[in-house]
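Undergrad: I would like the atomic coordinates for the input below:
(2 chains)
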Amino acid sequence: MLVNTYSRRIFSLAYQFSGTREEAEDMTQEIFLKLYNSLKKFDFSRNFDAWLLTLARNHLIDEYRRTKWEKKTRDEFNEYSLKETTEIGPEDAALREETKKRVWEGFNHLSADIRMTIILRDIQGKKYEEVAEIMDLPLGTIKSRVNRGRIQLAKVLKEQKEKENGM
Amino acid sequence: MECELFENLLSPYLEDELTAEERLAVEEHLESCADCSVLFDLMRETQESLADFPQAEMSEKFLERLYEIPQRKRKFRLSLDFLGRPALQPYMAAATILLTVMSFYLFHPEKSAIDKSINRQVHLGYSKIGKLYSEAETFTTSLGEHKDNILDTVKRKQPFGRNGD
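TA: Residues are numbered from 1 along each chain as shown, chains lettered A, B, ... in the order given. This is a model prediction of the structure:
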């Protein structure tokens, strides 16, 4: 069943992109509605996962541009359920969680396209070729967007660290 | 400027996609430039952090709402199924045209001028019909007056070939 197989992935994508659970739930529902409406049009020679993610990407970016989510704050990162990391010590774990929190908040500094590219490549672990197919853009553009997104997030981290250190 | 150029190579360097020569150039730059070196460390930290982001968990209640979507859609489709019948297509097309024309008329900025023009045309039509009716009446009266003459002429002419020979 489609919900069993894809809902978690789509919800995660929507949550990582929008930053709030409420928006993510609304968006996921709308994406599934669109999915059921467009299933008849699906070309079975295509990759279904990529097709669905393209549909989700289009919906999320269109909604972002329509409603301007970037003006809203994201959920507190500690509300976001974390993977259990057992191999590292408590101090390292706290440090990693702190970095995740900063990165999570840093997403609001990225444009919709770069944010989506970073989520697909670095969080969802897609290959560059897969991201290019989902985003419907040339491979070179995707690589350059990923680099730009990582640099922007690194700069946000740098600024936050400098602020905290009183520099 | 040099830093900007090297920034473009940081992700490929991180993902080991550079040639040996490019790699060496990046490493030399990172050793000599503290800013880029800090940026690269933070970039690696960011990437590692992103790779460790978990998938978000959904609540049971929300999952139930997702399962209900196809059923809700089916109910909605059933109630409107009759609208998609091919037999209704000509009527739908006619209704669409009628509604389009009506909307042009109803929402036209000079609707009152159109109303006046329609009224004038209707009155003109009425008076033309009246005229035609009175002309027809005059014609019938004059035909009655000349009835005897006409019949006499027709009898004398024998138009159907019985003129005595």
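
Undergrad: which residues of the chain score low on pLDDT?
TA: With no chain named, the answer covers chain A. A:68-72, A:78-91, A:167 (pLDDT under 70).

Undergrad: sorry, should have said chain B
TA: For chain B (pLDDT under 70), the answer is B:1, B:72-82, B:84, B:159-165.

Undergrad: helices or strands next to the helix ranked longest in it in the packing?
TA: Longest helix in chain B, counting residues (DSSP state H): helix B:111-145. Helix B:111-145 is packed against no helix or strand, with contacts defined by 3 or more Cβ pairs under 8 Å, 6 or more residues apart in numbering or on different chains; DSSP states H and E. All C-beta atoms are positioned from the backbone trio N, CA, C, and that covers glycine.

Undergrad: From the contact counts, what lies against the helix or strand just after that helix?
TA: Note on helix B:111-145: by DSSP states H and E, the next helix or strand toward the C-terminus is helix B:147-157. Contacting helix B:147-157 under the criterion 3+ Cβ pairs under 8 Å, 6+ apart is no other helix or strand.

Undergrad: where's residue A:43 relative to chain B, distance?
TA: Distance, residue A:43 to chain B, by Cβ to the nearest Cβ, to the nearest Å: 21 Å.

Undergrad: which residues touch that residue?
TA: For residue A:43, the contact set (Cβ atoms under 8 Å, 6 or more residues apart in numbering or on different chains) comprises residue A:51.

Undergrad: Check whether it sits in a helix, strand or coil.
TA: coil (DSSP: H, G, I helix; E, B strand; the rest coil).

Undergrad: For it, give me phi and psi.
TA: phi -90, psi 110 (degrees, to the nearest 10).

Undergrad: Distance of it relative to residue A:55?
TA: Distance, residue A:43 to residue A:55, using Cβ to Cβ, to the nearest Å: 13 Å.

Undergrad: now do residue B:145
TA: 87 Å.

Undergrad: can you check residue B:19 too?
TA: On the measure of Cβ to Cβ, residue B:19 and residue A:55 end up 38 Å apart.

Undergrad: Which residue ranges of the chain form strands?
TA: Reading this off chain A. Here chain A has no strands by DSSP state E.

Undergrad: Please enumerate the helices of it.
TA: Going by DSSP H, chain A shows helices at A:2-18, A:21-38, A:48-67, A:90-106, A:112-118, A:128-135, A:139-164.
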